[in-house]
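1. all I have is the shape, not the residue letters:
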């Protein structure tokens, strides 16, 4: 759990979020002023697993925060899933994708112009 906490402290910090609660061995919660992202042990006590086709995305203020999010994910031991850049799925879409330490896909996005 400590590795996950350091990983998410780093990359979510680039988006203006901080760890706001630790739940012992059960997980932690991040957000700006209220909870918005949870990392928890499975409630059914089964092993955690990566969801195929699941991407958790975070809205970022400017494009520079997305670049920093991606760099922080890689520096904290994550892997690149797709470099930061424009996306064709919406006007002014800009996003980056990385996998966390357990292989879960994470993304940051915004819709601000250059």
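-> The structure has been received and is ready for your questions. Please read all numbers here as calculations on a predicted model, not as lab measurements.
2. alpha carbons only for contacts and neighbour counts from here, please
-> Will do.
3. where along this structure do the helices fall?
-> 2-13, 63-75 (DSSP state H).
4. buried residues, the last one. List them.
-> Okay, so that is helix 63-75. 63, 65, 66, 67, 68, 69, 70, 71, 72, 73, 74 (16 or more other C-alpha atoms under 10 Å).
5. mean confidence for that helix?
-> Helix 63-75 shows a mean pLDDT of 97 in the predicted model.
6. which residues touch that helix?
-> Contact partners of helix 63-75, identified using C-alpha atoms under 8 Å, 6 or more residues apart in numbering, comprise 7, 10-12, 14-15, 60, 79-80, 83-84, 94-100, 108-110, 112, 114.
7. which of these fall in strands?
-> 79-80, 83-84, 94-99, 108-110 (DSSP state E).
8. hmm, who's touching stretch 86-102?
-> Contacts of stretch 86-102 (C-alpha under 8 Å, 6+ apart): 3-4, 7, 50, 63, 66-67, 70, 73-74, 77-85, 105-114.
9. buried residues in that stretch?
-> 86, 93, 94, 95, 96, 97, 98, 99, 100, 101.
10. how deep is residue 9 tucked in, by neighbour count?
-> Other residues lying near residue 9 total 18 when counted by other C-alpha atoms under 10 Å.
11. residues touching it, list them.
-> 18, 19.
12. what's the answer for residue 48, then?
-> 41, 42 are the contacts of residue 48 under C-alpha under 8 Å, 6+ apart.
13. tell me the pLDDT at it?
-> pLDDT, residue 48: 85.
14. what of residue 25?
-> 92.
15. can you tell me how far the residue nearest to it when sequence neighbours are not counted sits from residue 56?
-> Nearest in space to residue 25, with sequence neighbours left out and distances taken as C-alpha to C-alpha, 6 or more residues apart in numbering, is residue 1 at 6.8 Å. Relative to residue 56, residue 1 is positioned 19 Å away (C-alpha to C-alpha, to the nearest Å).
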